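Novice: Here is the input, now give the coordinates:
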Amino acid sequence: EVQLVESGGGLVQAGGSLRLSCAASGFTFDRYPIGWFRQAPGKEREGVSCISISDGRSDYADYVQGRFTISRDNAKNTGYLQMNNVKPEDTAVYYCNVRWPWGGDSWGQGTQVTVSS
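Specialist: Numbers count the residues shown, from 1 in each chain. Okay, here's the model as predicted:
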């Protein structure tokens, strides 16, 4: 069974930092790109960042570019999202994602990030 378990969320002041983790199991982690999404109250889920399988190539949404860093440790089957200089508008539930090449997605349960001003 595929499982993605996010952790590391919490309450942080604007300008602070958080590191989110995504522990993966039930599939061969190092064969698939992973991504992070977020969903704020009353808003649609939106993409934050994604990272390739092994060469570290990554992509970021404009609203987090330069502040967030995605990474992965294939030996630990874990993905990370380092969030620096957070802003109140970063407040959301953050989700880890794997998009399967044959179609469909797997999601974690999410971790809440709340940024106070």
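Novice: residue contacts, Ser58?
Specialist: Ser49, Cys50, Ile51, Ser52, Thr69, Ile70 (CB atoms under 8 Å, 6 or more residues apart in numbering). Any C-beta I mention is one placed from the backbone N, CA and C, and that applies to glycine too.
Novice: For Gly35, see how far away it is.
Specialist: Look at Ser58 and Gly35: by CB to CB, to the nearest Å, they are 10 Å apart.
Novice: Mutual contacts of these two, please.
Specialist: By CB under 8 Å, 6+ apart, the residues touching both Ser58 and Gly35 are Ser49, Cys50, Ile51.
Novice: Just name the closest of those residues to Gly42, please.
Specialist: Among these, Ser49 lies closest to Gly42 (CB to CB), at 22.4 Å.
Novice: tell me the SS of that closest one?
Specialist: strand (DSSP: H, G, I helix; E, B strand; the rest coil).
Novice: Hmm, it is touching Arg57, no?
Specialist: No: between Ser49 and Arg57 there is no contact, the gap being 11.4 Å when judged by CB atoms under 8 Å.
Novice: rewinding a little: rebuild the shared contacts of Ser58 and Gly35 as JSON lines, extending it with distance to Asn77 and pLDDT.
Specialist: Output for these, formatted as JSON lines (distance: CB to CB, whole Å; pLDDT from 0 to 100):
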{"residue": "Ser49", "distance to Asn77": "18", "pLDDT": "98"}
{"residue": "Cys50", "distance to Asn77": "17", "pLDDT": "97"}
{"residue": "Ile51", "distance to Asn77": "14", "pLDDT": "95"}
